[in-house]
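Visitor: Kindly generate the corresponding structure for this input.
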Amino acid sequence: MIQFTNVFKSYENGVTALKGISFTVEDGEFLFIVGPSGSGKSTVMKLMTGEIRPSQGSVTVNNYDVGKIRRRKMSKLRRTLGIVFQDFRLLEKKTVYENVAFAMRIVGAGGREIRARVSEVLAQVGLEGSEYCYPAELSGGEQQRVAIARALVNKPLIIIADEPTGNIDPTRSLDIMNLLEDINNRGTTVLVVTHEKSLVDRMSKRVIAIEEGVVVRDAVGEYDVPSNVLPVIPVTYEPEGPEGESVPEESVATAAPVVAELNSTETVSELPEVADAANSEPTAESEPDNQAAPELIAAEVEETADSPHAPLPEPEEPERELTSEEINNIDDIINHLPELNFVLPEVPELQTAKYTQADLTGIVSAMLEDVLKDDTDKSEPDNVPAPETTEVSGNGGE
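Guide: Numbers count the residues shown, from 1 in each chain. Predicted coordinates:
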């Protein structure tokens with residue numbers, strides 16, 4: 001499930017991309033997010049994947065609080081998501097089979113499991129017989145099918161597709177949407193960010209429309225529906241930056257007229273239950289978190305020990321040595337880092353190639369160690385010392 005509650009997002013340049021949006025996506029839904037360029041769609045996607053954190057409000061994805069999640073748990077959140085990109089992002093020097101299998105190798109799957117699962121998903125997306133083709137030998141629609149298979153192979157709870165038909169011939173776009181619908185019918189939640197009006201109208205699914213950082217429509221039906229189909233509940237904006245610093249005046253000035261306009265909407269005043277909710281005193285549970293989200297490398301705030309509801313401390317996870325197979329995987333991942341920026345979005349500095357081979361080995365080995373700790377199907381690790389981990393400073397994707 002995905003839940004946005006009164007979410008604001010302001011960037012360092014003073015732009016407020018989201019202005020108090022709230023919506024919930026239930027398990028098993030098929031949902032379109034639409035809106036013009038610059039409306040805030042990309043920010044919504046980045047919040048869902050944990051690439052950024054909300055400035056105010058809360059974002060919960062598959063029971064993970066994106067605003068408070070610890071860095072070492074971020075990979076576990078992302079293992080519940082499958083991302084489909086507009087530009088495919090396939091490894092050009094690997095075959096169709098290898099591209100899909102690579103996503104399983106990253107999470108430590110064994111050879112037998114990989115062979116069975118890759119064959120299964122390639123059949124599901126209609127690519128039987130294309131296992132040994134390279135991306136350049138495929139059409140745009142076929143490449144997108146490979147990208148969907150890669151997103152699907154690790155059995156995610158949610159598929160997030162960013163303009164999946166943007167680089168495809170219009171005659172093939174409907175095929176891709178039908179494929180996503182078939183995946184949804186098998187139980188996977190599917191969220192599609194798009195501007196393809198004709199496809200949205202034809203699919204007749206739930207549509208959330210975002211304009212200037214505000215949810216203006218949320219209804220089942222076509223791309224364009226009357227703006228008063230679903231009333232927008234009044235919102236407030238209490239800007240606060242990192243460590244108590246105030247948000248730039250430009251952001252406040254941008255948000256203020258939007259909030260004022262929403263609170264004066266006739267649709268809201270005509271609904272007593274909405275008006276009552278807006279005028280009632282907020283409870284401790286409903287009040288938005290007005291503190292800025294910590295950076296990815298920061299720990300969650302712990303409750304005091306004498307609190308009756310304080311959670312039990314998490315048990316320390318024992319360290320483990322990497323196997324020789326995992327070490328070989330590290331080298332392979334490093335060789336493809338320029339093409340795999342999406343694998344480690346919490347370390348955007350990788351894209352600038354500032355770090356040495358040793359630094360990259362440390363980052364990737366730490367990632368593999370984190371995601372493989374709970375793999376109970378693994379045999380006892382070889383007595384091979386793990387590569388030395390080098391700490392890398394950065395903003396953690398903020």
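Visitor: Next, count neighbours for Tyr64.
Guide: 18 (other Cβ atoms under 10 Å). C-beta here means a position set from N, CA and C on the backbone, and glycine is covered the same way.
Visitor: Excluding chain neighbours, give the residue nearest to it in space.
Guide: In space, Tyr64 comes closest to Leu77 once its chain neighbours are excluded; the distance is 4.4 Å by Cβ to Cβ, 6 or more residues apart in numbering.
Visitor: Ok, Gly40 next?
Guide: Distances taken as Cβ to Cβ, 6+ apart place Gly213 nearest to Gly40, at 4.4 Å, with adjacent residues excluded.
Visitor: Tell me the secondary structure at Tyr132.
Guide: Three-state secondary structure (criterion: DSSP: H, G, I helix; E, B strand; the rest coil) places Tyr132 in coil.
Visitor: OK, contacts around it?
Guide: Thr95, Val96, Tyr97 (Cβ atoms under 8 Å, 6 or more residues apart in numbering).
Visitor: Which stretches in the stretch 1-150 of the chain count as strands?
Guide: For the stretch 1-150 of the chain, the strands identified by DSSP state E, counting those that start in this stretch occupy 2-10, 16-25, 30-34, 56-61, 64-65, 81-84, in order along the chain.
Visitor: got JSON lines for the ones you listed, with distance to Ile208 and mean pLDDT too?
Guide: JSON lines is the format used below for those (distance: least, Cβ to Cβ, whole Å; pLDDT from 0 to 100):
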{"stretch": "strand 2-10", "distance to Ile208": "10", "mean pLDDT": "97"}
{"stretch": "strand 16-25", "distance to Ile208": "6", "mean pLDDT": "96"}
{"stretch": "strand 30-34", "distance to Ile208": "5", "mean pLDDT": "96"}
{"stretch": "strand 56-61", "distance to Ile208": "14", "mean pLDDT": "96"}
{"stretch": "strand 64-65", "distance to Ile208": "21", "mean pLDDT": "96"}
{"stretch": "strand 81-84", "distance to Ile208": "18", "mean pLDDT": "94"}
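Visitor: Kindly reformat those as a markdown table containing distance to Ala147.
Guide: Converted to a markdown table, those look like this (distance: least, Cβ to Cβ, whole Å):
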| stretch | distance to Ala147 |
| --- | --- |
| strand 2-10 | 21 |
| strand 16-25 | 22 |
| strand 30-34 | 18 |
| strand 56-61 | 21 |
| strand 64-65 | 24 |
| strand 81-84 | 5 |
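Visitor: Mind checking the ones you listed for the one nearest to Tyr223?
Guide: Each of the strands of the stretch 1-150 of the chain has some distance to Tyr223 by Cβ to Cβ; the shortest is strand 30-34, at 5.8 Å.
Visitor: Output the contacting helices and strands for that closest one.
Guide: Helices and strands touching strand 30-34, by 3 or more Cβ pairs under 8 Å, 6 or more residues apart in numbering; DSSP states H and E, are helix 41-48, helix 170-185, strand 189-193, helix 197-203, strand 206-211.
Visitor: so what strands line up beside that strand?
Guide: Strands that pair with strand 30-34, judged by DSSP bridges, come out as strand 189-193 (parallel), strand 206-211 (parallel).
Visitor: Dump these into CSV; add mean neighbour count as well.
Guide: Listed next are the strands paired with strand 30-34 as CSV, based on neighbours: other Cβ atoms under 10 Å:
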stretch, mean neighbour count
strand 189-193, 24
strand 206-211, 21
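Visitor: In contact with Arg145, which residues?
Guide: By Cβ under 8 Å, 6+ apart, the contact set of Arg145 is Val125, Gly126, Leu127, Ile176, Leu179.
Visitor: Return the closest of those residues with respect to Glu51.
Guide: Using Cβ to Cβ, Ile176 is the member of those that sits closest to Glu51, with 24.0 Å.
Visitor: does that closest one really touch Gln143, like I thought?
Guide: No. Applying Cβ atoms under 8 Å as the test, Ile176 and Gln143 come out as separate, 10.7 Å apart.
Visitor: which parts of stretch 101-120 are buried?
Guide: By neighbour count, and taking 16 or more other Cβ atoms under 10 Å as the criterion, the buried residues in stretch 101-120 are Ala101, Phe102, Ala103, Met104, Arg105, Ile106, Val107, Gly108, Ala109, Ile114, Arg117, Val118.
Visitor: nearest to Thr189, of those residues?
Guide: Ala103 (18.7 Å).
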